[in-house]
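>>> Quick one: sequence plus predicted model below, questions after.
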Amino acid sequence: MQYIMALDQGTTSSRCILFDKAGNLCTSVSREFRQIYPQPGWVEHDAVEIWNATLEVARAAMSKLGVEAGDIAAIGITNQRETTVVWDKDTGEPIANAIVWQCRRTSDIIDALVAQGHGDSIRQKTGLVPDAYFSGSKIKWLLDTVPGARRRAEAGKLLFGTIDTWLIWKLTGGRVHVTDYTNASRTMLFNIHTLQWDPELLALLDVPENMLPEVKPSSAVYGKSEFELLGGEIAIAGAAGDQQCALFGQCCFEPGTMKNTYGTGCFLLMNTGDTPVQSQNGLVTTIAAGTGDKPPYALEGSIFVAGAAIQWLRDELGILSSAGESLQYAEKVPDTAGAYVVPAFTGLGAPYWSQRARGAVVGITRGFSRAHLVRATLESLAYQTHDIVRAMERDAGIPITELKVDGGACANDFLMQFQADLIGSQVYRPRCIETTALGAAYLAGLAVGYWEDLEDVKRNWAVDRVFSPAMEEPRRRQLLHGWSKAVRCALLWAEDA
Ligand code: ADP
């Protein structure tokens, strides 16, 4: 058997990639699906449409490459995290649209939990900052709001799943109801220390335990696909949330190794090994994908606006025709003429945590041009990443030696060089930047012996380019000092003075 199938079920599209043993991307097919916005701040997906899109891209990828089920050693799944589906155990019909991670409809439920003093215990047990992002409050909302749902759930008629669980259940014809540790760790119902659903949290959020999936390692044979779906039974052997898969696909297997994904936002994850490090700096503690029965842990920091700031230059300001063009502008000028952009369009995340901070462009003088603005905006991605890297170092007590990168904006050489300069460590851009799907493929392939062990997988990791720090220390310090003043301006805006 020559290939591993990765199903990459993201927030806006479903994708299927077939990888070979050397980790080469042999074919890729994707399909977008509908984003449903019933009210401001609400986001939904149709879980049936997601399933259909997934099946369609899987079949299309197989026929594009001319392969049959017998050529595929296993299927690995990676998914948008936290998105919540509840469906009828007998009919397989979702009781409502899936509530997407971005959806803010359950903020009041979270505020109430925090007001009742449960914040610390949630944080301690789950590693998460209590928030409407995570699945727990979304399940409660569905059971409280959809007519008859709570009664049906208590009678054992309904099942809950994140998207991995939903897809595995559909692929196995409703025979297997499982999730993996990484996805479970994003529900706000899972105790990351005992590795079990937490009875107290279930009670707090009124979630009946019988609707929850069994939790398994990220690399394990969960079941087989129904014969007629893909023309044969294929082992479903790996699953993990998208950011954890990217960490695994980047071969960040040892404590202290980390990756940053530069997409719409940025997601930094650092492997912390057997230790669940409780952050003192606003980071989240989460479970990482691993091959053993006991999973490793990770620290995670998110930046809300990263590549989205480049889209802002292109779409709202109209000063770029494409995101890629930002490189030419940035290289036209030697610096930003002393100015900074803080793209706090929706507040600031770790390590600042201000919901009401807003964007700022500060330090402008008469010579400030379009090129300076583009350069300062690009640099803001690197400054924000720098701040999280330093927070992670403080929390983990491990100095950063290298940063592996992926995501759309890591294609920008100027940005990567500036990143290396700021953090003072090497930045590694791999040849395959489809690390999320690759991580899912590795997890599945390792479970069925397609790859032997982690060393076998590591041999596939090939570097495209290494960016080494080259900036003089005084200059670096001066730039970072200016950035911290700029952040203070954005934070000051939140104050009602
Ligand atoms: P997502 O998965 O979040 O949709 P991607 O990983 O596809 O994001 O990356 C797309 C983002 O990266 C966009 O926000 C875009 O503005 C930014 N981007 C893409 N190419 C470049 C580039 N060459 N330079 C800077 N930003 C870029």
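Happy to help now that I have it. Residues are numbered from 1 along each chain as shown.

>>> Who are the contact partners of the residue in the stretch 351-497 of the chain that the ligand sits nearest to?
The ligand sits closest to G408 of the stretch 351-497 of the chain, with a gap of 2.1 Å, by C-beta to the nearest ligand atom. (C-beta placed from N, C-alpha, C; glycine too.) Under the criterion of C-beta atoms under 8 Å, 6 or more residues apart in numbering, the neighbours of G408 are 262-263, 307, 323.

>>> and those residues, which of them are in helices?
G307 (DSSP state H).

>>> top of the contacts of G408 by neighbour count?
Taking other C-beta atoms under 10 Å as the neighbour criterion, Y262 ranks highest of the contacts of G408 with 27 neighbours.

>>> was I right about that one contacting A308?
No - applying C-beta atoms under 8 Å, one finds Y262 not in contact with A308, separated by 10.8 Å.

>>> one step back: and the ligand, which of the contacts of G408 contact it?
Applying C-beta under 6 Å from any ligand atom to those, one finds that 263, 307, 323 fall near the ligand.

>>> Could you find the closest non-adjacent residue to the second one?
Leaving out its chain neighbours, the residue that sits closest to G307 by C-beta to C-beta, 6 or more residues apart in numbering is A409, at 4.6 Å.

>>> got it, and the last one?
The shortest distance from A323 to any non-neighbouring residue, by C-beta to C-beta, 6+ apart, is to I310 (4.7 Å).

>>> Could you list the buried residues of stretch 117-133?
By 16 or more other C-beta atoms under 10 Å, the buried positions in stretch 117-133 come out as 118, 122-123, 125-133.

>>> got the CA coordinates for stretch 49-59 in CSV?
Once non-C-alpha atoms are left out, stretch 49-59 reads as follows in CSV (Å, rounded to 0.1, in the frame of the first residue of the first chain):
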residue,chain,number,x,y,z
GLU,A,49,-22.7,19.5,4.2
ILE,A,50,-19.3,19.0,5.9
TRP,A,51,-19.6,15.3,5.7
ASN,A,52,-20.7,15.4,2.1
ALA,A,53,-17.8,17.7,1.2
THR,A,54,-15.3,15.4,3.0
LEU,A,55,-16.6,12.3,1.2
GLU,A,56,-16.5,14.2,-2.2
VAL,A,57,-12.9,15.4,-1.8
ALA,A,58,-11.8,11.9,-0.6
ARG,A,59,-13.3,10.3,-3.7
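
>>> Would you mind listing the outside residues contacting that stretch?
Stretch 49-59 is contacted by residues 5, 7, 9, 13-16, 29-31, 33-34, 98, 163, 166-167, 170, 229-230 when judged by C-beta under 8 Å, 6+ apart.

>>> just stretch 315-334 next, same as before
Contact with stretch 315-334 is made by 307, 310-311, 313-314, 369-375, 377-378, 408-409, 411-415, as judged by C-beta under 8 Å, 6+ apart.

>>> ok, now how distant is the closest residue to the ligand within the stretch 51-200 of the chain from A391?
Of the stretch 51-200 of the chain, the residue with the smallest distance to the ligand, taken as C-beta to the nearest ligand atom, is Q80 at 10.1 Å. From Q80 across to A391, the span is 25 Å (C-beta to C-beta, to the nearest Å).

>>> Can you give me the distance of the closest residue to N412 other than its chain neighbours to M416?
In space, N412 comes closest to L327 once its chain neighbours are excluded; the distance is 5.4 Å by C-beta to C-beta, 6+ apart. Taking C-beta to C-beta as the measure, L327 and M416 are separated by 10 Å.

>>> if you count what's nearby, which of the two comes out ahead?
The residue with more neighbours, out of L327 and M416 and counting by other C-beta under 10 Å, is M416; that gives 22 against 17.

>>> shouldn't that one be in contact with K404?
No - using C-beta under 8 Å, M416 and K404 do not qualify as a contacting pair, with a distance of 11.2 Å.

>>> which residues are in contact with both of those two?
Counting by C-beta under 8 Å, 6+ apart, the contacts common to M416 and K404 are 427, 429.
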